[in-house]
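> Dropping a prediction and its sequence here:
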Amino acid sequence: MVNNNPWDRAVEQLKESAQKINLDKNLLKRLSQPEKIIQVNLPIKMDNGKTQTFKGFRVQHNNLLGPYKGGIRYHQGVNLDEIKALSFWMTMKNAVIDVPFGGGKGGIIVDPKHLSERELEELTRLFAKKLYKDIGPKKDVPAPDVNTNPRIMGWFEDEYSKIAGKYTPAVVTGKPIEMGGSEGRKEATGLGGVYALLAVLKQIHKSPKGMTVAIQGFGNVGRYIGKFLQEQGFKIVALTDSKGSIYVPQGVPDIEQVELCKEEKGFIAECYCVGSVCDLRHKQQMGGKDISPQDALELPVDILIPAALENVITKNNAHKIRAKIVVEMANGPTTISADKILKEKGILVIPDILSNSGGVAVSYFEWYQNLHMEKWSKEEVFKKLKEKMEKATGDVLKIQKEHNITLREAAYLLALQRIKKKFQTTS
Ligand code: NAD
């Protein structure tokens, strides 16, 4: 039975695609379960002197193509099935973008907004310590995800290096530049999404100029895709975060000002910016309108970008989506039943395992630079990212045309074909 459980959905997606390419039964069996699930208790001393125990997970789904690779998220809603699904999607994504990694994912059940800086650092260091034996540059390489950032990755790297007794930057990606991070990593997922979208628009002979865009989520991914789309001439009309939204049908004038405002205020709802002054009082003057973060998904725009969490487009709202194109920047934002509705409505969906793969592409570049003691410029990183995204999008579009299927189906076929090839040469 298909429900909104992300792991059930992942297995369903796998089975459907496996059938289409007659996937070897042994390989299907292998991909239907993660190779290893690590669960740890993380007791830390809180600032009030009491001990609180958090639960952490690392799921290693598959390493046929290389070391396990995938982010770590800190969120109160984290659960094992979610992390299992995310690890499976990493296996698929890494195959689509064609980097030498398998799939993994991790998380801690915690709302980091309720932790002090010291508590957050202690929690992260303890997590690195408990995972020490199972991770490493050639084994499993974590990265940032929801509510984790370069600073957290820096603590992770430092703790691992301390235990290993040697500086080991390649154990984790998404680090601060001064700790071995790559130029361009923080922009990579958003920018990669832009390259994928532009490649698809080119294929269907559509110009980006003036196309309207609504973005759900204004974190690392949402803010950069917004900024780069605006630079390309798209008109960003709606932005949301977990606390509220702004909607300006004429277009938000300057995303970078909104970003500065959100950094200062901590939420987006008052970020109606005229020049560098952001204030709710500008709302009327700018023609701003009230919408809930949920409404943002249903606006009459050309492009909808879910860039927050999974399961936001469901059978309950899919028929209300009015966008012509959905660019999935979050992982797993669309449930299977919603996906079917979007297909019936003729909405073009650029699937997560393609559109948000720019992050892991630059994580690969970071890992490579660390292992080879190289330092690439931001221009070099962006150039290589563009090439990777255009190649992967081209590969997916080719399969889509050949088989007359959706882009999601094509991306899964491409991933499984690549994994199958490796499986055949190694088994
Ligand atoms: P983040 O923590 O930086 O930002 C998440 C944003 O979503 C925040 O602005 C938060 O306020 C917002 N949000 C949460 N719940 C919301 C809701 N109900 N409505 C509207 N906004 C809501 O996380 P991120 O790194 O930007 O990741 C976002 C998504 O992209 C996740 O699904 C993640 O797995 C995926 N992703 C991230 C990367 C990466 O490199 N960071 C790479 C690939 C995929």
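Sure thing, it's come through.
> For the closest residue to the ligand within the stretch 101-250 of the chain, give me phi and psi.
When scored by CB to the nearest ligand atom, the stretch 101-250 of the chain has Gly219 as its residue closest to the ligand, at 1.7 Å. In this view, the C-beta of every residue, glycine as well, is placed from N, C-alpha and C. Note on Gly219: backbone dihedrals following degrees, to the nearest 10 are phi -100, psi -150.
> Show me which residues of the stretch 1-150 of the chain sit near the ligand.
If contacts are counted using CB under 6 Å from any ligand atom, the residues of the stretch 1-150 of the chain sitting beside the ligand are Pro144, Asp145, Val146, Asn147.
> and with 5 Å instead?
Taking CB under 5 Å from any ligand atom as the criterion, the stretch 1-150 of the chain approaches the ligand at residues Asp145, Val146, Asn147.
> phi, psi of the first one?
Read that as Asp145. As for Asp145, its main-chain torsions (degrees, to the nearest 10) stand at phi -150, psi -150.
> What pLDDT does the model give Met1?
Reading off the confidence values, Met1 has pLDDT 43.
> The residue of the stretch 101-250 of the chain closest to the ligand and Thr189, how far apart?
Between Gly219 and Thr189 the distance is 10 Å, computed by CB to CB, to the nearest Å.
> Same question for Val40.
Relative to Thr189, Val40 is positioned 27 Å away (criterion: CB to CB).
> Which of those two has more residues huddled nearby?
Comparing Val40 with Thr189 by neighbour count (other CB atoms under 10 Å), the higher total belongs to Thr189, at 26 against 17.
> which SS class is the residue of the chain most remote from its centre?
Distance from the C-alpha centroid of the chain, by CA atoms, centre = their mean, peaks at Gly49 (35.7 Å). Local secondary structure at Gly49 is given as coil here, using DSSP: H, G, I helix; E, B strand; the rest coil.
> Tell me if I'm right that the residue of the stretch 101-250 of the chain closest to the ligand and Asp241 touch.
Yes. The pair Gly219 and Asp241 passes the contact test of CB atoms under 8 Å, sitting 7.5 Å apart.
> who touches Trp7 in this structure?
Asp81, Glu82, Lys84, Ala85, Phe88 (CB atoms under 8 Å, 6 or more residues apart in numbering).
> what do you get if the cut-off is 10 Å, keeping everything else the same?
With contact set as CB atoms under 10 Å, 6 or more residues apart in numbering, Trp7 has these partners: Pro34, Val59, Asn79, Leu80, Asp81, Glu82, Ile83, Lys84, Ala85, Leu86, Ser87, Phe88.
> What of Lys420?
By CB under 10 Å, 6+ apart, the residues touching Lys420 are Ala18, Ile21, Asn22, Leu23, Asp24, Leu27, Leu28, Leu31, Leu64, Ala95.
> so of these, which ones are in helices?
The helices in this structure, assigned by DSSP state H, contain Ala18, Leu27, Leu28, Leu31, Ala95 from those.
> Can you tell me how far the nearest residue to Gly184 once chain neighbours are set aside is from the ligand?
When the adjacent residues along the chain are set aside, Gly184 lies closest to Val381, with 3.6 Å between them (CB to CB, 6 or more residues apart in numbering). Computed with CB to the nearest ligand atom, to the nearest Å, the distance linking Val381 and the ligand is 14 Å.
> next one: Val59
Val59 sits at a distance of 14 Å from the ligand (criterion: CB to the nearest ligand atom).
> give me the element that residue is part of.
In this structure, Val59 sits in strand 51-62 according to DSSP states H and E.
> tell me how far stretch 127-144 is from the chain's mean position?
Chain-centre distance of stretch 127-144: 19 Å, with CA atoms, centre = their mean, to the nearest Å.
> Restricted to buried residues, select the residues of the stretch 1-150 of the chain next to the ligand in PyMOL.
Burial among these is assessed by 16 or more other CB atoms under 10 Å; the matching PyMOL selection reads:
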select buried, resi 145+146+147
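> how much space between Leu354 and Asn404?
Counting by CB to CB, the gap from Leu354 to Asn404 is 18 Å.
> between those two, who's got more neighbours?
Each of Leu354 and Asn404 had its neighbours counted (other CB under 10 Å), and the higher figure belongs to Leu354 (31 against 8).
> wait, doesn't that one sit right on Gly192?
Yes. With contact defined as CB atoms under 10 Å, Leu354 counts as touching Gly192 (9.2 Å).
> any shared contact partners between those two?
Common neighbours of Leu354 and Gly192, counting by CB under 10 Å, 6+ apart, are Ile97, Met389, Ala392, Thr393.
> model confidence over the helix or strand harbouring the second one, on average?
In this case it means Met389. Assignment of secondary structure by DSSP H and E places Met389 within helix 378-403. Along helix 378-403, the predicted confidence averages to a pLDDT of 97.
> Could you do stretch 174-189 as well?
Averaged over stretch 174-189, pLDDT sits at 96.
> does any bit of it sit next to the ligand?
Yes. Part of stretch 174-189 sits near the ligand under the criterion CB under 5 Å from any ligand atom, namely Thr189.
> CA-only coordinates of that stretch, as PDB, when you get a sec.
Provided in PDB are the C-alpha atoms of stretch 174-189 (Å, rounded to 0.1, in the frame of the first residue of the first chain):
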ATOM      1  CA  GLY A 174      30.100  21.500   3.200                       C
ATOM      2  CA  LYS A 175      32.900  22.700   5.700                       C
ATOM      3  CA  PRO A 176      33.900  26.400   6.100                       C
ATOM      4  CA  ILE A 177      36.400  27.400   3.400                       C
ATOM      5  CA  GLU A 178      39.200  27.900   6.000                       C
ATOM      6  CA  MET A 179      38.700  24.300   7.200                       C
ATOM      7  CA  GLY A 180      39.000  22.800   3.700                       C
ATOM      8  CA  GLY A 181      35.600  23.600   2.400                       C
ATOM      9  CA  SER A 182      35.100  24.300  -1.300                       C
ATOM     10  CA  GLU A 183      34.400  27.700  -2.900                       C
ATOM     11  CA  GLY A 184      30.800  27.600  -4.200                       C
ATOM     12  CA  ARG A 185      29.500  24.800  -2.000                       C
ATOM     13  CA  LYS A 186      26.900  27.000  -0.200                       C
ATOM     14  CA  GLU A 187      25.500  28.300  -3.500                       C
ATOM     15  CA  ALA A 188      25.800  24.900  -5.300                       C
ATOM     16  CA  THR A 189      22.400  23.300  -4.700                       C
END
